[in-house]
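Next come a sequence and a model predicted from it.
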Amino acid sequence: MTLRRAARRRRQVVETASLPARLLHFVTSWEGIIGLSVVLVLVTLAQGVLRLRLPFDLGQPPPPPDAWGYINVPRSTSIKLAYIGDVSGMGRLEDAGSRQGVELALKERAEIKGFKTELVSVEDTCDAEKAREKAQELAQDPQVVGVVSQACPASTVAQQQVLGEAKLPFLSLSNTSAALTAVNSPVTFRLLWNEKSQGRDAALYARQTVQAKRALLLHDGSPGADEILEEFRGQFRAQAGQIADRRPVDPAGSDWGAVLKEVQSLDVDLVYYAGGGKTAKGVLAFLRRSGYAGSFMVADGAYYEPEYQALGPDLEKTYATTLQGQRSARFAFWRESYEKEYGAVGRFSPEGYDAAMLLLEALDAAAKAKGDGSLEVGRSLLLGTMRSLPYEGITGRTAFDANGDRANMLINVWKYEDGQFLQVK
């Protein structure tokens, strides 16, 4: 009886107590402990069977460690984005406009997850060894999350090797050489075009529109020229065209007679040339004076040289291919903002801006603040996010293939008529 009276008294006390006191009594009682245990067992079983996601990531295994390690930005410091600019031609770091584009992006994204962003500018003198040493310094700085480069080709290759080993994002603004992405570096992102891609589109236009049947391919040994011709040859043959020959030519003209013999004996109706404008001018003038009336097409290296465009009447009915980056619908608005801050938009200003914004957006999506106040992001995760992030920039969508080449470059075709080059594609 005494036990029953005591139990009744406890119930009466609980019933008259406040709600917090009643909850505390329940969770500390045997009834509460058993009840909560049953609920946890039932929830765990339901989650396992129905694949339900529990709050606060309960029941989830910890994520596997990043295969390439982590970038850890210490607490109370800033996130650094490095920009490398070519000053080897006695120019200034600001001349290309790309540094200003990067800086504008950092002003717009002045903070990522509580960490301020900071621009680190580095001058490139086109010395591969010095470029390698500077890249190593950047790779060893825990605050640097990526590098945007407008360095010369030799320095770009040296930087790419170092940053590839460090698994640090490397975004190239001005290097169009096929060699840059031929190494299949997982850290490389090319914001401009791969110059060899124009060979493919030139071949399609030559076969489908010009209706050329047999082509002679010439180059002067310029960097990247032979890669353009290789792309042309593969696509031209795929379109049932024939390649008479692919050969170098002497800029001094010592073998132009041999070229003419091939043109005449092999019934060539198209000559496609990749290289400098001076040699293109000399070869075309020689062929025209020798009676060649077929089509002549050059890659962008020759087209952009004033000496070639000044050739005059011999250019009639010739063609040229050039590459062009896209500009999105919001480019005009962005240009106004840029010009208010810096003046005229530079050649690589848009690419510099998009390179920085892509990296910052990916960092914001992938990085996490840690309990010790630092910012952590897996290197593999950051690079993967950069490749998959649907970033719509002012130069169009920044989609990249597995090699790091952009997938949305435009190929233009020009035809010389009535004293000027007109865009026909």
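Received the coordinates, thanks. Owing to the predicted nature of the structure, the values given are computational and were not obtained by experimental measurement.

Can you mark which positions in the longest strand seen in the chain are buried?
With secondary structure taken from DSSP state E, the chain has its longest strand at strand 115-124. Neighbour counts over strand 115-124 (16 or more other CB atoms under 10 Å) mark 115, 117, 119, 122, 124 as buried. The C-beta positions use only the backbone N, C-alpha and C, and glycine is treated the same way.

And the second one, what's its pLDDT?
Note for residue 117: predicted pLDDT of 98.

you'd agree it is up against residue 110?
Yes: counting by CB atoms under 8 Å, residue 110 is a contact partner of residue 117 at 5.9 Å.

Just give the number of residues close to the closest residue to residue 212 other than its chain neighbours.
Once flanking residues are discounted, residue 212 sits nearest to residue 270: 3.6 Å by CB to CB, 6 or more residues apart in numbering. Residue 270: 25 surrounding residues under other CB atoms under 10 Å.

Show the contacting residues for residue 270.
Neighbour list for residue 270: 206, 210, 212, 214-216, 294-297 [criterion: CB atoms under 8 Å, 6 or more residues apart in numbering].

ok, now how distant is residue 133 from residue 164?
Separation of residue 133 from residue 164 (CB to CB, to the nearest Å): 16 Å.

Give me the more crowded residue out of the two.
In this comparison of residue 133 against residue 164, neighbours counted by other CB under 10 Å, the higher total goes to residue 164 at 18 against 12.

Wait, that one touches residue 170, no?
Yes: between residue 164 and residue 170 there is a contact under CB under 8 Å: 7.3 Å.

quick one: common contacting residues for the two?
With CB under 8 Å, 6+ apart as the test, residue 164 and residue 170 both reach 185, 187-188.

can you tell me which of those residues are in strands?
Taking DSSP E, the ones among the shared contacts of residue 164 and residue 170 that sit in strands are residue 188.

Now tabulate the shared contacts of residue 164 and residue 170 in a markdown table and tack on neighbour count and pLDDT.
A markdown table is the format used below for those (neighbours: other CB atoms under 10 Å; pLDDT from 0 to 100):
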| residue | neighbour count | pLDDT |
| --- | --- | --- |
| 185 | 17 | 91 |
| 187 | 22 | 97 |
| 188 | 24 | 97 |
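
out of the shared contacts of residue 164 and residue 170, who's nearest residue 95?
residue 188 (24.2 Å; CB to CB).

beta partners for that closest one?
Assessed by DSSP bridges, residue 188 has beta-bridge partners residue 170.

distance between the ends of stretch 95-114?
Using CA to CA, to the nearest Å, one end of stretch 95-114 lies 32 Å from the other.

which residue ranges form the helices in the stretch 301-425 of the chain?
Taking DSSP state H, counting those that start in this stretch, the helices of the stretch 301-425 of the chain run over residues 306-309, 331-342, 349-366, 379-388.

need these in CSV with distance to residue 97, mean neighbour count and mean pLDDT, can you?
Putting these into CSV (distance: least, CB to CB, whole Å; neighbours: other CB atoms under 10 Å; pLDDT from 0 to 100) gives the following:
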stretch, distance to residue 97, mean neighbour count, mean pLDDT
helix 306-309, 22, 15, 92
helix 331-342, 7, 14, 95
helix 349-366, 4, 24, 96
helix 379-388, 23, 19, 96
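
Of these, which is nearest residue 195?
Closest approach to residue 195 among the helices of the stretch 301-425 of the chain is made by helix 349-366 (15.2 Å; CB to CB).

orientation of that closest one relative to helix 331-342 in degrees?
100 degrees (axes from the mean of the first three to the mean of the last three CA atoms, to 10 degrees).

quick check: angle from the longest strand of the chain to helix 349-366?
Per the same axes, to 10 degrees, the angle that strand 115-124 makes with helix 349-366 is 140 degrees.

Show the subsequent helix or strand relative to strand 115-124.
helix 128-140 (DSSP states H and E).

Just list what that next one packs against, helices and strands only.
Applying 3 or more CB pairs under 8 Å, 6 or more residues apart in numbering; DSSP states H and E, one finds that helix 128-140 contacts strand 79-86, strand 115-124, strand 144-150, helix 153-166.

Comparing these, which comes out most buried?
Comparing the helices and strands packed on helix 128-140 by mean neighbour count (mean count of other CB atoms under 10 Å), strand 144-150 comes out on top with a mean of 28.

That's all I had, so thanks and see you.
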